[in-house]
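Have a look at this prediction, sequence included:
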Amino acid sequence: MKNQLIKYTQNLFLVMMAMTASLTSFAQDGGLDIDVSIGEPEWYEQTWVWVVGVAVFVLILVAILRKRK
């Protein structure tokens with residue numbers, strides 16, 4: 001009788017845990033539609049700024065290395 005009661009409570013516990021897991025996974029499906037608008041990019045995010053910056057860096061590096069010889 002005692003073993004049967006323990007099995008019954010274990011089964012009840014497992015069913016309750018399965019229901020809880022099912023409800024929490026179902027509750028997370030909100031179906032939200034989030035629209036993120038970041039607007040205009042900053043000046044340092046522009047591609048041409050990076051290209052010009054790299055070109056200037058290379059010219060300065062070449063000028064420094066050329067003066068040493």
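Thanks, I have the structure now. Residues are numbered from 1 along each chain as shown.

Phi first, then psi, for residue 46.
Residue 46 has phi and psi values of phi -80, psi 140 when expressed as degrees, to the nearest 10.

how many other residues sit next to residue 48?
8 (other CB atoms under 10 Å). (Each C-beta comes from the backbone N, C-alpha and C, glycine too.)

Can you mark which positions in the host helix or strand of it are buried?
Secondary structure from DSSP states H and E places residue 48 in helix 47-67. Within helix 47-67, no residue is scored as buried using 16 or more other CB atoms under 10 Å.

How far away from the center of its chain is that helix?
How far helix 47-67 lies from its chain's middle: 35 Å, per CA atoms, centre = their mean, to the nearest Å.

Now do it, average pLDDT.
Helix 47-67 carries an average pLDDT of 92.

Can you dump the C-alpha atoms of it in CSV for me?
Written as CSV, here are the backbone C-alpha positions of helix 47-67 (Å, rounded to 0.1, in the frame of the first residue of the first chain):
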residue,chain,number,x,y,z
THR,A,47,32.5,53.3,-45.4
TRP,A,48,34.3,56.2,-47.1
VAL,A,49,35.6,57.5,-43.8
TRP,A,50,37.3,54.1,-43.1
VAL,A,51,38.8,54.0,-46.6
VAL,A,52,40.1,57.5,-46.4
GLY,A,53,41.4,56.8,-42.9
VAL,A,54,43.3,53.7,-44.0
ALA,A,55,44.7,55.6,-47.0
VAL,A,56,46.0,58.4,-44.8
PHE,A,57,47.5,55.9,-42.3
VAL,A,58,49.3,54.1,-45.1
LEU,A,59,50.7,57.3,-46.5
ILE,A,60,51.9,58.4,-43.1
LEU,A,61,53.5,55.0,-42.6
VAL,A,62,55.2,55.1,-45.9
ALA,A,63,56.5,58.6,-45.3
ILE,A,64,57.9,57.6,-41.9
LEU,A,65,59.6,54.5,-43.2
ARG,A,66,61.0,56.3,-46.2
LYS,A,67,62.7,59.1,-44.1
